[in-house]
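> sequence and predicted structure, then a few things I'm wondering about:
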Amino acid sequence: MGINQELIFSLNNTSDFWIAEGGGNIFTQRSFNYEDGDFLQATIIVRDNGTNSLMSTSTLQVYITDLNDNNPYFVNFVNRTLTLSEDTAVSTAILDIDAMDEDSTTNAQVSCLREPR
Ligand SMILES: [Ca+2]
Ligand SMILES: [Ca+2]
Ligand SMILES: [Ca+2]
């Protein structure tokens, strides 16, 4: 008897994936969002078709990787107009801006660029 013949596959403890009962191929069943969760797990079951059917189980673990799909945004900041005295010294701090990004690692690194002095 060859591989997968007369064997029945199923998945437990997941609504994220489904498995082709006879073939063993596993498919996604929904879209994923790294920001909502980056780790998924399911139990794979295989049964034979014999009398007093026998089975084995295995664990599937899936990590979702992050894509840069969120724009950085300013925190507590809207368009602003400043008034500066004409004798304002060079290198005077004129504003402190905070920004956030919902992604992770380099996808969330926020840079504030300034003109060279
Ligand atoms: Ca996302
Ligand atoms: Ca992302
Ligand atoms: Ca980002």
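Cool, the structure landed. Numbering: from 1, shown residues only. Ligands and ions are numbered 1, 2, ... in the order given.

> next up, the contacts around the residue nearest to residue 24 when sequence neighbours are not counted.
Nearest residue to residue 24, sequence neighbours excluded (C-beta to C-beta, 6 or more residues apart in numbering): residue 9, at 5.0 Å. Backbone N, C-alpha and C define where each C-beta goes, glycine included. For residue 9, the contacting residues are 19-24, 44-46, by C-beta atoms under 8 Å, 6 or more residues apart in numbering.

> same thing but 6 Å
19, 21, 24, 46 (C-beta atoms under 6 Å, 6 or more residues apart in numbering).

> can you confirm the third one is in a helix?
No: with DSSP: H, G, I helix; E, B strand; the rest coil as the criterion, residue 24 is coil rather than part of a helix.

> what's the neighbour count on it?
By the criterion of other C-beta atoms under 10 Å, residue 24 has 14 neighbours.

> on that earlier part again, only whichever of the contacts of residue 9 are buried, select them in ChimeraX.
Those of the contacts of residue 9 that count as buried under 16 or more other C-beta atoms under 10 Å are selected in ChimeraX with:
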select :19,46
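
> where is pLDDT lowest across the contacts of residue 9?
Among these, residue 21 carries the weakest pLDDT, at 85.

> and the chain, which residues reach ligand 2?
34, 66-67, 69, 103 (C-beta under 5 Å from the ion).

> which one of those is nearest residue 52?
Using C-beta to C-beta, residue 34 is the member of the residues of the chain next to ligand 2 that lies nearest residue 52, at 44.1 Å.
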